[in-house]
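**Q** Structure for the following, please:
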Amino acid sequence: MQGIGSIGWRRLCGIAVCSVSLLLASPVPARAEPDVPVPPNELISDDGEGRLSAADRDLVVKVRLAGLWEIPAGEMAQQKSPDPRIRKIGREIAAQHQVLDALDRAAAKKLGIVVPKTPNSDQQGWLAEMRDADGARFDEIYIDRLRAAHGKIFPAIGTVRATTRNDTVRKLAQQANQFVVTHMTLLESSGIVDFAALPTAPNPAAASWSAPATAARPLAGADRTATSTTNLPVALLALAAGLGIGVFATLRTAGRRRRPDHGRR
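**A** Residues are numbered from 1 along each chain as shown. The predicted structure follows:
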């Protein structure tokens, strides 16, 4: 047998090129929309541990109220809308709210929070509007009322998720956030959301932003991160070169071991 031939050299070069390409690629691969990662809710404990704030209790009540009127609203959309898109949106939102409502009631029971059994007066008024409307007018009311309601609860969920001390509320807030973002997207896919009628965001505070107290500790670590990021290409090239040399040495040694000793008979 011969040593490394032309085919072997081509394979070796191919290995080296692939190694450099993979090592220089971004360590965090881009994800297409269908593969957007879902927050791992199972990593959050659900023991009811931690102090409950007024905002925590209010969120549990509001999530319950949302289901009490959006489920019947979605059922009306399936019955009254002439548009198949709206009927599908109503069916999906109503079904998802049934799941979220079950999660919310379980959390309320664990935390000893009393939740309502009927929609509040505003929500009953919105349902009455839908019952009195038909055709395209029903579609407008259904989409606009639900989109406005989701826009109000969305920032409240984010605030509680970021600040709560209670693990059960934290998990519920994270789950509710995923539902609300999905519902807003479904409602906007109808193409009839009146964005101009939505309330505008408040102006940013005039005072300059200040970092939380806990952010003062890792300054040295931040400097090290910046330095390591700057030197990353050099480290990757060195690693690629080492890999190539290792492969070459392995193949060369293997070739020598396979070469017969022509001096022996």
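
**Q** Next, the buried residues of stretch 74-87.
**A** Gly74, Met76, Ala77, Lys80, Ser81, Asp83, Ile86, Arg87 (16 or more other Cβ atoms under 10 Å). Just so you know, the C-beta spots here come from the backbone N, C-alpha and C atoms, and that holds for glycine as well.

**Q** Contacts for that stretch next, please.
**A** Residues outside stretch 74-87 that contact it (Cβ atoms under 8 Å, 6 or more residues apart in numbering) are 89-95, 97, 127, 130-131, 133-136, 138-139, 142-143, 189-191.

**Q** Could you tell me which of those residues are located in helices?
**A** Within these, residues falling in helices by DSSP state H are 89-95, 97, 127, 130-131, 135-136, 138-139, 142-143.

**Q** Just the mean pLDDT for stretch 80-98, thanks.
**A** Mean per-residue pLDDT for stretch 80-98: 97.

**Q** ugh, wrong one, stretch 168-179
**A** 96.

**Q** Just the residues contacting it, thanks.
**A** Residues from elsewhere that reach stretch 168-179, judged by Cβ under 8 Å, 6+ apart: 38-39, 41, 44-50, 52, 56, 59-60, 63, 96-97, 99-100, 103-104, 107, 110-111, 153-154, 157-158, 160-161, 164.

**Q** change it to 6 Å
**A** 39, 41, 44, 46, 48, 56, 63, 96, 100, 103, 107, 110-111, 157, 160-161, 164 (Cβ atoms under 6 Å, 6 or more residues apart in numbering).

**Q** and if you look at stretch 56-70?
**A** 97, 101, 104, 108, 113, 115-116, 119, 123, 127, 153, 160, 164, 166, 169, 176.

**Q** Go through that stretch and flag the buried ones.
**A** In stretch 56-70, counting by 16+ other Cβ under 10 Å, buried: 56-57, 59-70.

**Q** Could I get those in TSV, plus columns for pLDDT?
**A** Formatted as TSV, those follow (pLDDT from 0 to 100):
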residue	pLDDT
Asp56	97
Arg57	98
Leu59	97
Val60	98
Val61	98
Lys62	97
Val63	97
Arg64	98
Leu65	98
Ala66	97
Gly67	97
Leu68	98
Trp69	98
Glu70	98
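
**Q** I'd like the residues you listed as JSON lines, with secondary structure and distance to Thr182 appended.
**A** Below are the buried residues of stretch 56-70 laid out as JSON lines (DSSP: H, G, I helix; E, B strand; the rest coil; distance: Cβ to Cβ, whole Å):
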{"residue": "Asp56", "secondary structure": "helix", "distance to Thr182": "23"}
{"residue": "Arg57", "secondary structure": "helix", "distance to Thr182": "25"}
{"residue": "Leu59", "secondary structure": "helix", "distance to Thr182": "18"}
{"residue": "Val60", "secondary structure": "helix", "distance to Thr182": "20"}
{"residue": "Val61", "secondary structure": "helix", "distance to Thr182": "21"}
{"residue": "Lys62", "secondary structure": "helix", "distance to Thr182": "17"}
{"residue": "Val63", "secondary structure": "helix", "distance to Thr182": "14"}
{"residue": "Arg64", "secondary structure": "helix", "distance to Thr182": "18"}
{"residue": "Leu65", "secondary structure": "helix", "distance to Thr182": "19"}
{"residue": "Ala66", "secondary structure": "helix", "distance to Thr182": "13"}
{"residue": "Gly67", "secondary structure": "helix", "distance to Thr182": "14"}
{"residue": "Leu68", "secondary structure": "helix", "distance to Thr182": "19"}
{"residue": "Trp69", "secondary structure": "helix", "distance to Thr182": "18"}
{"residue": "Glu70", "secondary structure": "helix", "distance to Thr182": "13"}
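
**Q** and which of the residues you listed is nearest to Phe195?
**A** Glu70 (20.1 Å; Cβ to Cβ).
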